[in-house]
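Student: Predicted coordinates and the sequence they were generated for:
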Amino acid sequence: EGFVSLADLVKLVVDASAAVDVKTLGSLAKLGEAIHVDVSASVTNVVNKSQNSPFIPVNQDADLVSVATMLANSVSGGASVHRVPVVGPEGRVTKIIAQSRVISFLNENMPAESVIM
């Protein structure tokens, strides 16, 4: 389970290029030709490869403070939660709450005088 992030895709390319001796290539332009990434591989081979996007779901009845706290704090290993999947009664993901959405919600719904600078 998890999310596929840009960091996961970068890690996939970095891992694929580990066996390539960059010094013998002559130029970085040839790096793309030298590495092989199996694009037909299952997405499960890439999910959370970077260990940077943990999959930590919440129940649809979770409160905003709990979700905001998850998004604001690091989890074990120092990874940050960037998105929180919301799981319905059947155990299926019904929504995904991103950090930017929580910030937008707070911006739209908090009185300006309550913001601490």
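Tutor: Here it is on my side, so go on. Residues are numbered from 1 along each chain as shown.
Student: Now do the helices in this protein.
Tutor: Ranges of helices within the chain are 6-17, 22-25, 31-34, 64-72, 99-109, based on DSSP state H.
Student: Out of the ones you listed, the one nearest residue 91 is which?
Tutor: helix 64-72 (18.2 Å; CB to CB). Bear in mind the C-beta positions are built from the backbone N, C-alpha and C, glycine included.
Student: what about that closest one, distance to the chain center?
Tutor: The chain centre lies 16 Å from the centre of helix 64-72; the measure is CA atoms, centre = their mean, to the nearest Å.
Student: quick one: least confident helix or strand in this structure?
Tutor: helix 31-34 (a mean of 69; mean pLDDT, DSSP states H and E).
Student: Switch the helices of the chain over to TSV; also include mean neighbour count and distance to residue 92.
Tutor: Below are the helices of the chain laid out as TSV (neighbours: other CB atoms under 10 Å; distance: least, CB to CB, whole Å):
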stretch	mean neighbour count	distance to residue 92
helix 6-17	15	22
helix 22-25	10	44
helix 31-34	12	38
helix 64-72	14	18
helix 99-109	12	20
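Student: Which of the ones you listed sits closest to residue 51?
Tutor: Using CB to CB, those put helix 6-17 closest to residue 51, at 8.5 Å.
Student: Mind listing what's buried along stretch 83-95?
Tutor: Residues 83-87 are the ones in stretch 83-95 that count as buried (16 or more other CB atoms under 10 Å).
Student: would a markdown table of these with distance to residue 51 and pLDDT be doable?
Tutor: Converted to a markdown table, the buried residues of stretch 83-95 look like this (distance: CB to CB, whole Å; pLDDT from 0 to 100):
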| residue | distance to residue 51 | pLDDT |
| --- | --- | --- |
| 83 | 15 | 85 |
| 84 | 17 | 88 |
| 85 | 17 | 88 |
| 86 | 23 | 92 |
| 87 | 22 | 91 |
